[in-house]
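**Student:** the sequence and its predicted three-dimensional model are supplied below.
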Amino acid sequence: MKTRVLAAVLLMVCVRAGSAGDAQTYDDRRRISVNGEAVVKVRPDKIVVTFGIQTLDRDVIAAKQQNNGILKNAVAAARDLGIPEKDIQTDHLSVSPKYKFGEEYEAEGFVGYLVRNRRTTPDRHGPTSPTGSAGAAIAGCHRT
């Protein structure tokens, strides 16, 4: 008997709680909603120039020397753009072996050493700063 009474009370509480959740409230207060967006066009006041060099050779020393030769030309081109050489900093340098892989991702043979060297300049101020890495690209670098 106690079990039936307890079950009936629990059932009534559950039904009551469920019907209270179904009731929707309506907010009749007045309100104003505003959405918008804007576009602002200004002259840039900062620029960062980044350029990278990749060389590949079976001899690690030759790969690094090739990379250094291209880097020398790129730094000269960046200097011609008005970037002081002291502002050109190494951002990333890596030397890693490269292998040729077959269909089953098995190494089929050694290809050579890949040397990657990326340089960057700090933020530069003013509209007379270089406008990109065009000079470095001409000197044999890829733009990043």
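**Tutor:** Sure, I can see it.
**Student:** which intervals of this protein have sub-threshold pLDDT?
**Tutor:** 1-24, 105, 107, 123-144 (pLDDT under 70).
**Student:** quick one: the helices in it?
**Tutor:** 2-22, 60-80, 134-138 (DSSP state H).
**Student:** packing partners for the second one?
**Tutor:** For helix 60-80, the helices and strands in contact under the criterion 3 or more Cβ pairs under 8 Å, 6 or more residues apart in numbering; DSSP states H and E are strand 50-57, strand 89-101, strand 107-120, helix 134-138. Yep, even glycine has a C-beta here, placed from its N, CA and C like the rest.
**Student:** can you mark which positions in the longest one are buried?
**Tutor:** When neighbours are counted by 16 or more other Cβ atoms under 10 Å, the buried residues of strand 107-120 are found to be Gly112, Tyr113, Leu114, Val115, Asn117, Arg118, Arg119, Thr120.
**Student:** next one: Thr50 relative to Pro97, how far apart?
**Tutor:** Taking Cβ to Cβ, to the nearest Å as the measure, Thr50 falls 26 Å from Pro97.
**Student:** which of the two has more residues huddled nearby?
**Tutor:** Per other Cβ atoms under 10 Å, whichever of Thr50 and Pro97 has more neighbours is Thr50, with 16 against 11.
**Student:** spatially nearest residue to that one (excluding sequence neighbours)?
**Tutor:** Closest residue to Thr50 apart from its sequence neighbours, by Cβ to Cβ, 6 or more residues apart in numbering: Thr120 at 4.5 Å.
**Student:** state the distance from the one you found to Ser96.
**Tutor:** For Thr120, the distance to Ser96 - Cβ to Cβ - is 21 Å.
**Student:** same deal with Asp27?
**Tutor:** Asp27 is 63 Å from Ser96, by Cβ to Cβ.
**Student:** so what's the residue count around the closest residue to Leu114 other than its chain neighbours?
**Tutor:** Leaving out its chain neighbours, the residue that sits closest to Leu114 by Cβ to Cβ, 6+ apart is Lys98, at 4.7 Å. Number of residues near Lys98 (other Cβ under 10 Å) recorded here: 13.
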